[in-house]
Structures are given as C-alpha cells and as structure tokens.
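Asker: Got a sequence here, can you model it:
(4 chains)
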There are 2 protein chains.
Amino acid sequence: MADVAERVGVSAITVSRAFKRPELVGPELRQRILDTAQSMGYVPNQAASALASARSMTVAVLIPSMTNMVFVETLAGIHDMLLPRGYRALIGVTHYSPEEEERLIRTYLQFQPDGILLTGTDHTDVTRTYLSALSSPTVHMMELLDEPGSLSVGCSQEEGGRLMTTHLLERGYRRIGFVAVQLDPRTLSRLDGYRHALEEAGLYDEKRVWRLPDPSSIHLGAAMIDRLMAENTDCDAVFFCNDDLAQGALFQCQRRGIRVPDQLAIAGFNDLPASAWTTPTLTTIATPRYAIGRHAAAMLLDLMDGKEPPRRRVDLGLTFIAREST
Amino acid sequence: MADVAERVGVSAITVSRAFKRPELVGPELRQRILDTAQSMGYVPNQAASALASARSMTVAVLIPSMTNMVFVETLAGIHDMLLPRGYRALIGVTHYSPEEEERLIRTYLQFQPDGILLTGTDHTDVTRTYLSALSSPTVHMMELLDEPGSLSVGCSQEEGGRLMTTHLLERGYRRIGFVAVQLDPRTLSRLDGYRHALEEAGLYDEKRVWRLPDPSSIHLGAAMIDRLMAENTDCDAVFFCNDDLAQGALFQCQRRGIRVPDQLAIAGFNDLPASAWTTPTLTTIATPRYAIGRHAAAMLLDLMDGKEPPRRRVDLGLTFIAREST
DNA sequence: GACGATACTGTTAGCGCTAACCTTGACGGG
DNA sequence: CCCGTCAAGGTTAGCGCTAACAGTATCGTC
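Answerer: All right, here's what the predicted structure looks like:
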C-alpha cells in the first residue's frame, strides 16, 4: 500500500480510502490509485484490514452436511445475500455432531467473524458459553427457537411430520410406519409430529417405528423395504423422514414388484429434484431451505449494521406436495 | 493474549507458543495456559497471527458449482486432507464462469492464501497474471494440464467419452447420440472423446449431437427424451454427458413406455448414487472426485511445506461401470 | 569445575492497515 | 470581508500477534 501511495504521490490512507471508502476520494485520483494498484498487482491485505478495523467482513456458517442438498441450498441462499454486501462465508461442516460443532466454533472464532449462522438448536454448553461471551450476533437456521432473545429462521419440523401423517390418514391408511435415520433433532421433531397425529387418531403403534442412526441414503431406503418385507410388517403406508430414503424405497418396490401406492404407500420429506420424476412420483413436503438461508443472512446483516431485525423468530412454513406414491 | 499471560504470570509470547508451538512450552505450564485461556474465553486472533507470521493457514478453493455433487465430493476430499493439518478452506463458487472466477480470485487474494486450488484449466488472462505474480502454489483439479511447471490432478475427460462410446459400439449400437449441456470444458472434452471414437468407426454424424448451455438437471434429461421423440431421431443409444440428465431420461422413458435398452440405450457420466437404483440401472463412468480432492490438497500441502511433490501431473483414472441401461 | 548442549522463557520490533483527529483551501451568505 | 461549512487529503498511533534474537537455568561430560 505504501508503494502504491508513493507511486501515485499520495499518502497511504488515501490508497486505503480509495479501496474501502471510495466516496471520500476525488473521482479521478481514485481511478489513478486503482489503476496503479492493479498494474502493480496490489490487493489489500485482509488480515491487516481486519486487525486495524476490528471488522473481518466474514460470517461463519456451520452446517451438518455438505452431501445433503438441503444444506447446500441453504448455503446458496446465504451466499446470494452476503456476497453482494461484501461479506464472505466461512463454511464449516459439523457432521451432525454438537461436539464437532464446538470444535469448529473454536476454530472459526479465531477469525473474529462479524456474525455466525448455526444449523439447528442443539449445541453443547461450551458452544453456548462461547456464543454468549461474544459480541457478534448469531442466527439459528432450520428449526425455530422459542427462547426469548434468540434469533431463528426456519420451519416447524414437527408440523411437517403432522401434516404428512394427517394426509396419509385422510387417504385412508391406518397402519402407517415411520423410518427415522440420522436421528438429528429435525428428524426427531418430524417423528414427534407423526406420533402426535397418530395418537390423536388412536392409531399410534411403537412397533411401526424404525430408528436408525445411519446417514440417509438411497441405498438405506432400499434396504428398509427389504427389511420391512423380511419382518413381515403390516404397514399399509411408510413415512420416510427424508426424500432420498423414500426414493430408495420406491426403487426397491419397483424392483420387487411391490405396487405403490396400492400395496404400500410411500411418503418422503424435503422434496428433492428427483422426487417429481420417480415412478410413481413421490408425495413429500417441500422445505423452504433457500429462503431460510437468504432470510437468516438478511437478519444477520441487519444485526451487524446495529439494526434490530423486524422479527426475531421467522417461520417460513412448509409446502405439502401430494403426488402418486400415496 | 496479554490478559491471559498476566493471569498465568508469563509473557505474551509464551501464551502464543502454548497455542502455536506447544512443544516449546513445558507441559504443565502449557496446560495451565490453555485452561486459563479457556476459562477467560480467549481464542487467538487469526488476523493478527496471519499479519505477524505472514501465514494465513488458509487455502482458497474455487469450484464451478455447489449443487453438483461431483464438486461437493471433491471438496470433502480437500477438507479431509487440509483440516487435520490445520489449514482451512475458503470456498468460492464460480458458476462455471472464468470471469466470476477472476473476481473471486481477486477477493480471495486479499486473504493471502497459502495455497490455491482451482477447478479446470480454463482461466482468464488476468487470473493467470495474478497467479503467476503470486508466491503461493496453485494446483488445478479435475482436468489434466500439459504445460510444464503447472500442477494438476484429475482424469482424462476425453478418455471417458471415448470409453463409453467404445462400449456402446461393442454392444452393437450404431446410431449413438450425445447430449452435451452446460458446455464447460469437461463436457466438451467428453464430447471430443465421443466424436473421435465414432469417427474412427466411421459412424460420426453431427445431427446426433445436441449442445445446450443450460445446467444439467433431471428435468432437462426428461425433456431431452421428449425432444428426441418429437424430432423423430433415429438414435439407438444416447450418451448423456451427466448422470442426472441420464436419470431424467430413464425416468421419462419409463413414463412414456420406451423400453431401455432394447428400444433406446442410455448412458451417463459420473456415477451418482441414484444411478445404481434406477430401472433399469444406469451404465456410467465413475470419476474419482473424492480422491482428486484429497490428492490435490496433499500436493498443495507438500508445496506449502516447500517440498516438491512426487509428480506434477497426476491422472487418477476412470472406472467404467456397465449396468442394465446399455 | 569449566564447558557446551539442551530446555524453557523473555524482549524488542514490526507485520499492513485504519480510526480518530487534524489541516488546507474553496465557497457562499450575510 | 469575516465566518462557518464542506470536501479532500494528511498525521499519528495502535490493532494483536509472532520472528528473531537473547537470556537463564539445568544437566551431563570431560
């Protein structure tokens, strides 16, 4: 920066301003500075800038998984909101583990992020301590928090579970199973919704619920169909906690000649792109993950500007999508 | 850091060392320092550290897309290699545009990354200038570079195109079509491989090639089947440049009652998880993207340590997977 | 008992930038 | 003509950390 300043014949601060506060420098001097910098291959040093200004222009984003499209699309929403405002995202993958999340938080706090976006509401005590000791704002994504003072953008997973189960009941299914995998808080909320809906109908039966800690996959969904057949269960419908599971189930039913939905109805969750194309097409619930990312980022931008966001808890709702599989 | 040092009764540099060069501090003093830091909520300031040490411990990674699983898995390989060594990845998405890549490079150079990972070999002149003016090493992923001095890890896309086309010829198909979308350099290389193989067999016909700039998707694959039918093409096989396209095509064939592979054979590229489960299962070529990410990151680690990597151009090969759709 | 090697800790200076305050000159109103 | 105002640019100090060098015990060796 000093070299550029000398070459142009101004002081260093003027070069700094040409980059960071362009309105404070005369237009044609500013252009000369930028041109000179470009020709000398100079780019401002972000570390020095962050140190001097105490603003890193960085937002730490923690998501559970990168191979799950749901979070990738959330990320896209965050990016689209932050980048035009000059903020960068520092992305961490927690692999659904609060302990891993704590480790990542510790790492990313070293970057003095101006804001933090977390997925879910399930954090370790140490994480909570770190965050409350911090002046940077934190927004929780996906699930909704009821604690006063906390900020969250998402949708009700429990309502999603209830919605789908109610739909299956309306269609006349009475022996509805539920396959829960990964067992993260969102899956368990969906399971709660399912259970409540069935209990109200007097049809809940523990033996029709399968809980598996494995990550969701097409393969596992297919394997579950095999298992249901082997165990000779009496389900007339199965609600899978995730679309990729449900897709795997559909594929396997097709292979085994199980007629969907006549013999067995199948429902999913999240509305992945392929779900509109399987045979039969998959009944599911669309979650507004891109919007959640955008909204959470927008909220954070407000907070980082010192503004209070219009609402501290934003429910973006769910869209039920009835298709052929039920 | 000064506060922690005072509390423990040592100098600041000892606290610094307890974090960054733990072997230089006595074991139980180190533990006391770390405990005190933890209890005070202190984490080192990365910006100050980077400024003072001229090492950012950061690697800039640029990928074309985040919704394409191929790059997400590459990213996973990179992460798994870098994180244990204390490096962090700064991820940028270029949306397949060299100009966007140039913009991102400019942004990320401000972080003084210790290394850079780029996807592909298609860069603007300005990008090349920036990179050659830089002391940090750069490794190119996915495609292979022949320029001396450059570093690349990938596989031959052209060979992939040739491999699949040869397979289709061997199976007796004679009127083989190719659907190219996105039209990024990798797709075009696959198309080259397809063309060369057919030219050698004397069977290349321009009218069986479709080029579309749109991004790859299941929907587009399904639409292509409709289009092929509407245009009344004589193809007995279609090689789609991407598995999601091919999956869409399979779904649509099923819907329209087109028998695959008897009436029309369908081939894909990349081996996405669902391709082993469609009806019929999809013949495709598996690309070693996770390994590419790992290998590229390992190469970068060598270079950042000042070591020369064993090889400057690493071809990780392809795996042909014959399934039911051909 | 002197000496070098080893293990640990401290001092000094400066990384590249920007916040806060200061100076200068031009301009317009009364 | 004075004064306030404003735009444009400069000065000074310091952000939090670590490289480089400089001690200072402790120990084993000859």
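Asker: what secondary structure does the residue of the stretch 151-300 of chain A found nearest DNA strand C sit in?
Answerer: The nearest approach of the stretch 151-300 of chain A to DNA strand C comes at A:Leu300, 19.6 Å away (C-beta to the nearest atom of the strand). The way it works is simple: take the backbone N, C-alpha and C, and place the C-beta from them, glycine included. What DSSP: H, G, I helix; E, B strand; the rest coil gives for A:Leu300 is helix.
Asker: Over to A:Leu303?
Answerer: Per three-state DSSP, A:Leu303 ends up helix.
Asker: just to revisit the earlier point, just give the nearest non-adjacent residue to the residue of the stretch 151-300 of chain A closest to DNA strand C, would you?
Answerer: With C-beta to C-beta, 6 or more residues apart in numbering or on different chains as the criterion, A:Leu300 has its nearest non-adjacent residue at 4.2 Å, and that residue is A:Gly115.
Asker: what's the distance between the one you found and chain B?
Answerer: A:Gly115 sits at a distance of 16 Å from chain B (criterion: C-beta to the nearest C-beta, to the nearest Å).
Asker: Give me the neighbour count for that residue.
Answerer: 23 (other C-beta atoms under 10 Å in any protein chain shown).
Asker: ok so, going back, report the contact partners of the residue of the stretch 151-300 of chain A closest to DNA strand C.
Answerer: A:Leu300 makes contacts with A:59, A:115, A:117, A:137, A:139, as judged by C-beta atoms under 8 Å, 6 or more residues apart in numbering or on different chains.
Asker: and the residue nearest to A:Leu300, what are its bridge partners?
Answerer: A:Val59 (DSSP bridges).
Asker: Do I have it right that it meets A:Leu131?
Answerer: No - the pair A:Gly115 / A:Leu131 is not scored as a contact, 11.3 Å apart, by C-beta atoms under 8 Å.
Asker: Spell out which parts of chain A neighbour DNA strand D.
Answerer: With C-beta under 7 Å from any atom of the strand as the criterion, chain A meets DNA strand D at residues A:10-14, A:24-26, A:29-30, A:48, A:51-52, A:54.
Asker: Mind doing that once more with 10 Å?
Answerer: Residues of chain A lying close to DNA strand D by C-beta under 10 Å from any atom of the strand are A:5, A:8-18, A:21, A:23-30, A:32-33, A:47-54, A:110, A:112.
Asker: Now restrict those residues to buried residues only.
Answerer: When the residues of chain A next to DNA strand D are checked for burial by 16 or more other C-beta atoms under 10 Å in any protein chain shown, the buried set is A:5, A:8, A:10, A:14-18, A:25, A:30, A:32-33, A:47-51, A:110, A:112.
Asker: mind listing which of those residues are in helices?
Answerer: If you go by DSSP state H, these have A:5, A:8, A:14-18, A:30, A:32-33, A:47-51 in helices.
Asker: Give me the phi and psi for the closest residue to A:Leu264 other than its chain neighbours.
Answerer: Spatially, and ignoring its direct neighbours in sequence, A:Leu264 is nearest to A:Ile258 (5.7 Å; C-beta to C-beta, 6+ apart). Main-chain torsions, A:Ile258, degrees, to the nearest 10: phi -80, psi 120.
Asker: So for A:Ile258, what's the pLDDT?
Answerer: On pLDDT, A:Ile258 comes in at 97.
Asker: so which helix or strand takes in the residue nearest the centre of chain A?
Answerer: When C-alpha atoms, centre = their mean is applied to chain A, the residue found nearest the centroid is A:Phe71 (3.9 Å). Element membership for A:Phe71 (DSSP states H and E) is helix A:69-82.
Asker: Paired strands for the next helix-or-strand element following that helix, with orientation please.
Answerer: Using DSSP H and E, the helix or strand that directly follows helix A:69-82 along the chain is strand A:88-93. Strand pairing for strand A:88-93, determined by DSSP bridges: strand A:58-63 (parallel).
Asker: hey, C-alpha coordinates of stretch A:76-88 in CSV?
Answerer: Output in CSV follows, covering the C-alpha atoms of stretch A:76-88 (Å, rounded to 0.1, in the frame of the first residue of the first chain):
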residue,chain,number,x,y,z
ALA,A,76,-26.7,-20.8,-1.7
GLY,A,77,-29.3,-18.6,-0.1
ILE,A,78,-26.7,-17.3,2.4
HIS,A,79,-24.1,-16.7,-0.3
ASP,A,80,-26.6,-14.8,-2.5
MET,A,81,-27.4,-12.5,0.3
LEU,A,82,-24.0,-12.0,1.8
LEU,A,83,-21.6,-11.6,-1.2
PRO,A,84,-23.2,-8.5,-2.7
ARG,A,85,-22.8,-6.8,0.6
GLY,A,86,-19.1,-7.6,0.7
TYR,A,87,-19.3,-10.3,3.4
ARG,A,88,-17.7,-13.7,2.9
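Asker: So which residues of chain A form helices?
Answerer: A:2-8, A:12-20, A:27-40, A:46-53, A:69-82, A:98-109, A:125-132, A:157-170, A:185-200, A:218-230, A:243-256, A:289-304.
Asker: for those helices, which one ends up most surrounded?
Answerer: Counting by mean count of other C-beta atoms under 10 Å in any protein chain shown, helix A:243-256 has the highest mean neighbour count of the helices of chain A, with a mean of 24.
Asker: Is that helix in proximity to chain B?
Answerer: Yes - interface with chain B: helix A:243-256 contributes A:244, A:247-248, A:251-252, A:254-255 (C-beta under 8 Å from any C-beta of the partner chain).
Asker: Most widely separated two among the residues you listed?
Answerer: Between any two of the residues of helix A:243-256 next to chain B, the greatest separation by C-beta to C-beta is 16.6 Å, found for A:Asp244 and A:Arg255.
Asker: tell me the pLDDT at the closest residue to A:Met40 other than its chain neighbours?
Answerer: Nearest non-adjacent residue to A:Met40, counting by C-beta to C-beta, 6+ apart: A:Val4, 6.0 Å away. Here, the pLDDT recorded for A:Val4 equals 92.
Asker: can I assume A:Val4 is in contact with A:Ala37?
Answerer: Yes - between A:Val4 and A:Ala37 a contact is recorded at 5.0 Å, counting by C-beta under 8 Å.
Asker: Need the overlap of contacts for those two.
Answerer: Counting by C-beta under 8 Å, 6+ apart, the common neighbours of A:Val4 and A:Ala37 are A:Val15.
Asker: Having no further points to raise, I will conclude here.
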